[in-house]
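A.B. asks: when you get a sec, could you give me coordinates for this:
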Amino acid sequence: SFATVDLRAGRVRVDVEMRAPGAPATADAEIEARLRFAPPSKAIGPSGWWADDAFDGATTVARCTARRRCTPAAGAEGCAAVTLKCSTEATLASSLPPRAWTPEEPYLHRARLELVVDGAVVDEVATYTALRTVAIQPGVGVANARIVLNGRPTFVAGVLDQGWWPDGLYTAPSDRALYSDIVAAKRLGFNTLRKHAKVEPARWYFHCDRLGVLVLQDMPSPPGLTCRPPHLGDKPRIARISAAEADAKGKSRNGEDDDDRRECALDEAAFGRELREMVESLAWSPSIVMWVVFNEGWGQHATGLRVRQVRALDTTRLVNDASGWLVAATARLGQQKELAPQEDEATNAWLRKATAALACDPRGGAVDCGDVIDVHAYPGPWPKPKHRAEWYGGGLWEQLGWARNARRASVLGEFGGVKYGLAGHTQTGDGWGYGKKDAADCADFVARIVEVWSRVPAALSGAVYTQLTDVEQEWNGLIAYDRHPKCETTLGPALRR
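C.D. replies: Sure, this is the predicted structure:
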């Protein structure tokens, strides 16, 4: 069961779905969901629990009637499983004083939910929740749209977090290690982590909830998706394939054999399924305030459709259609990573049409392209003219209105990336970062980071610096890959100022 509390309206919505083995009954089932709260607290330890006697006496009871549905057993009579499903709303009953959750004061409310079917308690869960809203406040006149948390404009001061580790790569060595990265980001002055192209274990989000960190959650990127032109059968194919891979597989670089067509068709279906699973599996975490659907065009397809899919799953968070470029169909098709230019003009004309459907074009006004305009710029904070022409050509840059849009909030999704390799704490013999030269020492490293932050436009609602830690050959982290601090005594105070 899943309970959604609307504190302002004084209502709670309960969605119940039960699936269990057993024979079906002909009668409907009478279901009750009983919800109680404990006083809010912002001193939650790693275990996350309070004493049982902390709950108040008021109980919210939501009732609904569910028909038992049978899943037939294979090769036998009866049911392999019985499903009960229903949804209802009720008036919230609680005498506790509510406290809103913010990064500065991350108040959490412990909750206990009992599920009663035909008068008998069949399940019970002790959990926690938080009371917070996130929305876009439209601009008035020449004012820009703003991200508002609990009704108040809040600047998203973020850092990119890829969640890589020297020994386990995508697997952290311990729960303490997950916790320590979040603490490091807060200590450096950030209120936001952009979880980049990765879904973390539930404990990571729990720590963000209790420590007070906003989370921008990326959907992990798939490979490029596109379609072949009609005269070649109009079958999906993979556009991204290197020359070495093509030689090894004995096929053309465009990957035009039947195996690739099947793989690509499965990719798109898998993306939609896994996007739904990500949103549904993480919906419990109040620290997540934005879903990021695509990143820098990687595997970007049917963007408007994916935005609508996320909206249908979750109306309580912001949606970012595309972080970085390819936020809409551009005129320079041949330079887009997803659609390789073809030899004949007829095919290129077809590809241009396909590209228009690939992205979400905000210029029409009626299409939902998400809540934010997200631009990347290295070192930034403004994209270089050549990048604006390549990524936002055909007049799109002017139409987007980044940093001057009254309907969608403007954010800088990635920038910075100053390189500084800490001797004795690097993973590779050489690394890279952004900018014309590497930082010479701590003083230079800190000064360059502060300088690029100082030029972030005041019209923005948020900015995400690249990045929290070094990753393999990427030496542009604020701390080293092995989590050894870089210039800690000067960097933290400088960033917090």
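A.B. asks: residues of stretch 164-179 that come out buried?
C.D. replies: Residues 164-166, 172, 178-179 are the ones in stretch 164-179 that count as buried (16 or more other Cβ atoms under 10 Å). For the C-beta atoms, the positions are set from N, CA and C on the backbone; glycine is no exception.
A.B. asks: what of stretch 269-288?
C.D. replies: Under 16+ other Cβ under 10 Å, the buried positions of stretch 269-288 are 271, 275, 278-279, 282, 284-288.
A.B. asks: same question for stretch 411-427.
C.D. replies: Within stretch 411-427, the residues scored as buried using 16+ other Cβ under 10 Å are 411-422, 425-427.
A.B. asks: got it, and stretch 490-497?
C.D. replies: Under the neighbour-count criterion of 16+ other Cβ under 10 Å, stretch 490-497 has 491-492, 494-495 buried.
A.B. asks: what does that stretch contact?
C.D. replies: Residues outside stretch 490-497 that contact it (Cβ atoms under 8 Å, 6 or more residues apart in numbering) are 187-190, 442-443, 445-446, 449-450, 453, 478, 485.
A.B. asks: rewinding a little: now the two most distant members of the buried residues of stretch 164-179.
C.D. replies: Pro166 and Tyr179 (17.7 Å; Cβ to Cβ).
A.B. asks: sorry, back to before: among the contacts of stretch 490-497, who's most crowded?
C.D. replies: Leu478 (28 neighbours; other Cβ atoms under 10 Å).
A.B. asks: can you list the buried residues of stretch 490-497 in TSV and add pLDDT, distance to Ala73 and secondary structure?
C.D. replies: Converted to TSV, the buried residues of stretch 490-497 look like this (pLDDT from 0 to 100; distance: Cβ to Cβ, whole Å; DSSP: H, G, I helix; E, B strand; the rest coil):
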residue	pLDDT	distance to Ala73	secondary structure
Leu491	92	62	helix
Gly492	89	61	helix
Ala494	91	66	helix
Leu495	90	61	helix
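A.B. asks: which one of the residues you listed is nearest to Gly299?
C.D. replies: Nearest to Gly299 among the buried residues of stretch 490-497, with distances taken as Cβ to Cβ, is Leu495, at 33.0 Å.
A.B. asks: okay, that closest one and Leu214: tell me how far apart.
C.D. replies: 16 Å (Cβ to Cβ, to the nearest Å).
A.B. asks: repeat that for Thr316.
C.D. replies: Thr316 is 14 Å from Leu214, by Cβ to Cβ.
A.B. asks: neighbour count winner among these two?
C.D. replies: Set Thr316 next to Leu214 and count neighbours by other Cβ under 10 Å: Leu214 wins out with 26 against 14.
A.B. asks: how confident is the prediction for that one, by pLDDT?
C.D. replies: Looking at Leu214, its pLDDT stands at 98.
A.B. asks: for it, list the residues it contacts.
C.D. replies: 103, 149, 156, 158, 191-193, 287, 289.
A.B. asks: switch to 7 Å and redo it
C.D. replies: 103, 156, 191-192, 287, 289 (Cβ atoms under 7 Å, 6 or more residues apart in numbering).
A.B. asks: who does it bridge with?
C.D. replies: Thr192 (DSSP bridges).
A.B. asks: please, which helix or strand holds Thr4?
C.D. replies: strand 2-6 (DSSP states H and E).
A.B. asks: now do Ala111
C.D. replies: Counting by DSSP H and E, Ala111 is found in strand 109-117.
A.B. asks: what ranges does the stretch 201-350 of the chain have for its helices?
C.D. replies: Listed in chain order, the helices of the stretch 201-350 of the chain (DSSP state H, counting those that start in this stretch) span 202-211, 243-249, 258-282, 303-313, 345-358.
A.B. asks: what sits up against the one helix or strand Ala447 maps to?
C.D. replies: Ala447 is part of helix 442-454 when elements are defined by DSSP H and E. For helix 442-454, contacts defined as Cβ under 7 Å, 6+ apart pick out 379-381, 415-416, 418, 420, 439, 486-487, 490-491, 494.
A.B. asks: can you rerun that using 10 Å?
C.D. replies: Under the criterion Cβ atoms under 10 Å, 6 or more residues apart in numbering, residues 157, 189, 377-381, 415-420, 422, 434-435, 437-441, 463, 465, 478, 486-495, 497 lie in contact with helix 442-454.
A.B. asks: now it: average pLDDT?
C.D. replies: When pLDDT is averaged over helix 442-454, the result is 96.
A.B. asks: same check on stretch 87-95?
C.D. replies: 85.
A.B. asks: quick check: end-to-end length of that stretch?
C.D. replies: End-to-end distance of stretch 87-95 (Cα to Cα, to the nearest Å): 25 Å.
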